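Visitor: I need the structure of the sequence given here:
(3 chains)
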Amino acid sequence: MFVSEVMAQQTPVARVEPVWLTWMARWPTPAALAADPPGEAVRAWGRLGYPRRALRLHEAARAMVQRHGGQVPTQHADLLALPGVGSYTAAAVACFAHGIPLTVVDTNVRRVLARALTGTALAAPALTTAETALATTAMPTDREDALLWNVAVMELGALVCTARTPHCPACPIRATCAWQAAGAPPPSGPARRGQAWDGTDRQARGALLQVLRDATTPVTEPTLAAAWPDPAQRARCLDGLIADGLVEPLSKGRYRLPGTTTH
DNA sequence: AACTCGTGGAT
DNA sequence: TATCCAAGAGT
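Guide: Coordinates of the predicted model:
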């Protein structure tokens, strides 16, 4: 549960499942993950994206061993204190795994509430305090109802009230939807600019890290140069990866995933 | 508050 | 083909 929530951060759930199955088979407990070096977590993360999440998940496992007896904590504050755990993940784990009726606000919930209650096509670019307050107000006070509400709103956003082409004819709350009542107006305000990709540091970091994930022995500079030819950008990104703890520099200009044993 | 951080399926 | 955008978090 904890692992799947972290994997699902900014990553489609369908793509998480196979990696999650492999991960849980290898590391069924926080202690098992904590006993392996962080580089193994980065390697097992595969191509899920945002590999710093793998590092934080490993750190979280070690924190659970140190502070929580090797268990996933149940208290919201304890969850929030773990690396890689923000407001969404803490609420989701406490609510879905432990039945604590916190308000779970993810991108789906934000979009559903924006349409159904506020009447706008899309939620704000980033989560606002107003959105959190709106969700808290909208959630039923009864515990069982609150748990069901969280699941229902999130599912509605994931399956019906989708971002691109919502299936309004099939929506169970269409009759009371503020956005429908307003005539389903298009998004107002400036269009959010898409994420650039070609030639970005993100692409470069991804290319370098893929080489290291696939390698069973330390990687040399020429091999990294083949993966990303631009010397200045390669050096900058490699430094960044090292600073992030995703790459471990060895002697003689060789590199590996942190802590991984090589032969 | 605004940026940064991967990857790939869907449209 | 290009764009969108995913059960966000950290700085």
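Visitor: so what's the closest residue to DNA strand C within the stretch 1-150 of chain A closest to, chain neighbours aside?
Guide: The nearest approach of the stretch 1-150 of chain A to DNA strand C comes at A:G86, 2.4 Å away (C-beta to the nearest atom of the strand). Every residue, glycine included, has its C-beta placed from N, CA and C. Computed as C-beta to C-beta, 6 or more residues apart in numbering, the closest residue to A:G86 that is not its neighbour in sequence is A:L80, at 7.5 Å.
Visitor: residue contacts, the one you found?
Guide: A:86-87, A:90 (C-beta atoms under 8 Å, 6 or more residues apart in numbering).
Visitor: right, and out of those, which lies closest to DNA strand B?
Guide: The nearest member of the contacts of A:L80 to DNA strand B, counting by C-beta to the nearest atom of the strand, is A:G86 at 11.1 Å.
Visitor: Sitting in helices, which of the contacts of A:L80 do you find?
Guide: Filtering these for membership in helices, criterion DSSP state H, returns A:87, A:90.
Visitor: Just the buried residues from the contacts of A:L80, in ChimeraX please.
Guide: A single ChimeraX command is used to select the members of those judged buried by 16 or more other C-beta atoms under 10 Å:
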select /A:87,90
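Visitor: re earlier: please report phi then psi for the residue of the stretch 1-150 of chain A closest to DNA strand C.
Guide: phi -110, psi -160 (degrees, to the nearest 10).
Visitor: okay, it: pLDDT?
Guide: pLDDT recorded at A:G86 is 98.
Visitor: try A:P187
Guide: Among the per-residue scores, A:P187 shows a pLDDT of 89.
Visitor: Check the one 5 residues further on too.
Guide: The per-residue pLDDT reported for A:R192 equals 72.
Visitor: Then A:A121?
Guide: A:A121 carries a pLDDT value of 95.
Visitor: what's the answer for A:Y50, then?
Guide: According to the per-residue confidence, A:Y50 scores 98 in pLDDT.
Visitor: need the contact list for A:Q75.
Guide: A:Q75 makes contacts with A:A94, as judged by C-beta under 8 Å, 6+ apart.
Visitor: again, but for the one 10 residues further on
Guide: Contact criterion C-beta under 8 Å, 6+ apart gives A:6, A:60, A:79, A:93 as the residues in contact with A:V85.
Visitor: And A:V109, by the same measure?
Guide: A:135, A:150, A:153-154, A:157.
Visitor: Where neighbours are concerned, which of those has the most?
Guide: A:V153 (26 neighbours; other C-beta atoms under 10 Å).
Visitor: how much space is there between that one and A:A135?
Guide: The spacing between A:V153 and A:A135, counted by C-beta to C-beta, to the nearest Å, is 8 Å.
Visitor: next one: A:H98
Guide: Here A:H98 is placed at a distance of 19 Å from A:A135 (C-beta to C-beta).
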